[in-house]
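Asks: structure here, sequence nowhere to be found:
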């Protein structure tokens with residue numbers, strides 16, 4: 001796990017946070033409410049996804065660099081946003 005942190009660095013974390021905020025803002029706009037909650041869920045999903053993929057043995061972060069971080073952040077934020085929608089919006 002330390003290797004993932006060392007590989008990504010602070011700039012990658014900022015990129016993931018921005019991607020999560022954008023995904024959450026879009027989801028909140030589409031839903032029409034709770035933009036703050038959706039933005040928070042988007043950031044959590046975007047920042048957690050690369051770590052989960054690395055823990056599962058998907059080691060594309062080092063090979064693809066920033067592109068893989070963006071793709072994994074998008075996938076993670078969408079998954080967490082969908083889970084949040086199912087759990088909190090009834």
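Replies: All right, it came through fine. None of these values were measured; they are calculated from a predicted model.
Asks: count of neighbours near residue 57?
Replies: For residue 57, the tally of surrounding residues (other CB atoms under 10 Å) stands at 6. (C-beta placed from N, C-alpha, C; glycine too.)
Asks: and it, helix, strand or coil?
Replies: Look at residue 57: counting by DSSP: H, G, I helix; E, B strand; the rest coil, its state is coil.
Asks: from residue 13, how far off is it?
Replies: Applying CB to CB, to the nearest Å, one obtains 22 Å for the distance of residue 57 from residue 13.
Asks: likewise residue 68?
Replies: Separation of residue 68 from residue 13 (CB to CB) stands at 14 Å.
Asks: please apply the same query to residue 23.
Replies: In this structure, residue 23 lies at 16 Å from residue 13, with CB to CB as the measure.
Asks: out of those two, which sits in the more crowded spot?
Replies: Each of residue 23 and residue 13 had its neighbours counted (other CB under 10 Å), and the higher figure belongs to residue 23 (24 against 16).
Asks: got the contact list for the residue nearest the centre of the chain?
Replies: In the chain, the centroid-proximal residue (CA atoms, centre = their mean) is residue 46; its distance is 0.8 Å. Contact criterion CB atoms under 8 Å, 6 or more residues apart in numbering gives 16-17, 19-20, 23, 73-74, 76-77 as the residues in contact with residue 46.
Asks: top of the residues you listed by neighbour count?
Replies: The most crowded member of the contacts of residue 46 is residue 77, carrying 30 neighbours; neighbours defined as other CB under 10 Å.
Asks: what helix or strand is that one on?
Replies: helix 66-88 (DSSP states H and E).
Asks: could I get the average pLDDT for that helix?
Replies: The average of the pLDDT scores along helix 66-88 is 83.
Asks: for that helix, packing partners?
Replies: Counting contacts by 3 or more CB pairs under 8 Å, 6 or more residues apart in numbering; DSSP states H and E, helix 66-88 packs against helix 2-31, helix 35-55, helix 60-64.
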